[in-house]
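*Asks:* Fold the following for me, if possible:
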Amino acid sequence: MRFALIGAGAIGTVHARLIEALGSEADLVAVVDQNLERAGKLVEQHGGKAYATPAAAYAAEELDAAAICLPSALHADAAVEALQAGKHVIIEKPVDITLAAADRVIEAQRSTGLTVSVISQRRFQPPVAQIRAAIDSGALGRVTSGIAESAFFRPQSYYDGDDWRGTLAIDGGGALMNQGIHALDLLVWMLGRPVQVSAQTGRLAHEGIEVEDLAGASILFESGAIGLMLASTAAYPGRPVRLTIHGDQGTAVLDDDQLAYFATAEGALPEATLLDGPADWGPVELAHLAQYRDFIAAVRDGRAPSVSLEAGRRSLATVLAVYQSARTGRPVELKED
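*Replies:* This is a model prediction of the structure:
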């Protein structure tokens, strides 16, 4: 599959490495960035040709897909442009920073019939897949609750390094929108459709930003299950994502990218699937690569990707409900069209 990389910043560099690691499965044909010097450096490292705009790349090259790696508020515009140019799209989380923007991408995807997937690579980690398989098989019984912790740390220099970081207009949010959304996505994937959110947020350890560095939420799901979410960029020195899923017949715990605990009354632990990739890559990187492979297979086979655009919208809607609840001091009801 021939890719255009839209955005040559830090996350764009990650995606360039992923595409290169796919070998014969993918080619990085174009790197697009307003900063042509930055795009050129990425081209020198990973191949392709540098362009200043997506339109220029789409006109000059034969491309199958676009990988959207821009700041969050620019995702929808870039995705819609790519779809209208006839390209499949893999888009970094979040889909964008508003539901209206996410819905524009959904409308474009439906009108073109092309494939769109939102990056939620942690779903592809073998222990995460084991927990989901245990839920699907009934090994945990009725799922009753879940706890997701994304207790990360970002120094002040993280926010000072780019003028868009920590802004409402471009970043759209802080610890939850940009870091904790991965853990939140897992919680929602495991527990189902969220219907009500009660939350609080704070800005306790960073200066000069408009967004939260701490968020806590209680989430009621359609099934009656209750989820608890903690997202932080103010938890020195930072901890890996921790996810606990409780059912009336079992409990599973993900910690430090491992299945740290699994116990059931009767059900067996599903087998883990090993992920292929460079030997020196960590679990999250390998999972990221696995999502790219799933995206390519979905395009090739004409099926939906494992992480759909609608799944990305659901996670975004939950994040936005957290922010609304924190602003108003009241629970927020979630509805899906």
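
*Asks:* Can you point out the buried residues in the helix or strand where residue 198 lies?
*Replies:* Assigned by DSSP states H and E, residue 198 belongs to strand 194-202. Applying a neighbour-count criterion of 16 or more other C-beta atoms under 10 Å, one finds 194, 195, 196, 197, 198, 199, 201 buried in strand 194-202. (C-beta placed from N, C-alpha, C; glycine too.)

*Asks:* and the first one, bridged to which residues?
*Replies:* Put plainly, it is residue 194. residue 221 (DSSP bridges).

*Asks:* gap between it and residue 279?
*Replies:* Per C-beta to C-beta, to the nearest Å, residue 194 is found 39 Å from residue 279.

*Asks:* roughly how far out does the strand holding residue 198 sit from the chain middle?
*Replies:* 19 Å (C-alpha atoms, centre = their mean, to the nearest Å).

*Asks:* what is the rounded mean pLDDT of that strand?
*Replies:* Summarised as a single mean, pLDDT over strand 194-202 is 98.

*Asks:* Does that strand pack against any helices or strands, and if so which?
*Replies:* strand 214-221, helix 309-328, strand 332-333 (3 or more C-beta pairs under 8 Å, 6 or more residues apart in numbering; DSSP states H and E).

*Asks:* what comes into contact with it?
*Replies:* 176, 188, 212-222, 227, 314, 317-318, 321-326, 330-334 (C-beta atoms under 8 Å, 6 or more residues apart in numbering).

*Asks:* buried subset of those?
*Replies:* 176, 188, 212-221, 227, 314, 317-318, 321-323, 325-326, 332, 334.

*Asks:* show me what contacts residue 14?
*Replies:* Contacts of residue 14 (C-beta under 8 Å, 6+ apart): 69, 288.

*Asks:* rerun that using 7 Å as the cut-off
*Replies:* Going by C-beta atoms under 7 Å, 6 or more residues apart in numbering, residue 14 touches no other residue.

*Asks:* what about it, helix or strand, and which?
*Replies:* helix 10-21.

*Asks:* Report the rounded mean pLDDT for that helix.
*Replies:* 97.

*Asks:* would CSV of the helices and strands packed on strand 194-202 with distance to residue 244 and mean pLDDT be doable?
*Replies:* Converted to CSV, those look like this (distance: least, C-beta to C-beta, whole Å; pLDDT from 0 to 100):
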stretch, distance to residue 244, mean pLDDT
strand 214-221, 14, 98
helix 309-328, 18, 98
strand 332-333, 24, 98
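
*Asks:* Of all the ones you listed, which one is nearest residue 15?
*Replies:* Evaluated with C-beta to C-beta, the helices and strands packed on strand 194-202 place helix 309-328 nearest to residue 15, the distance being 16.3 Å.

*Asks:* any idea of the angle the closest one forms with strand 214-221?
*Replies:* 120 degrees (axes from the mean of the first three to the mean of the last three C-alpha atoms, to 10 degrees).

*Asks:* Tell me how many other residues surround residue 102.
*Replies:* Using other C-beta atoms under 10 Å, residue 102 has 26 other residues around it.
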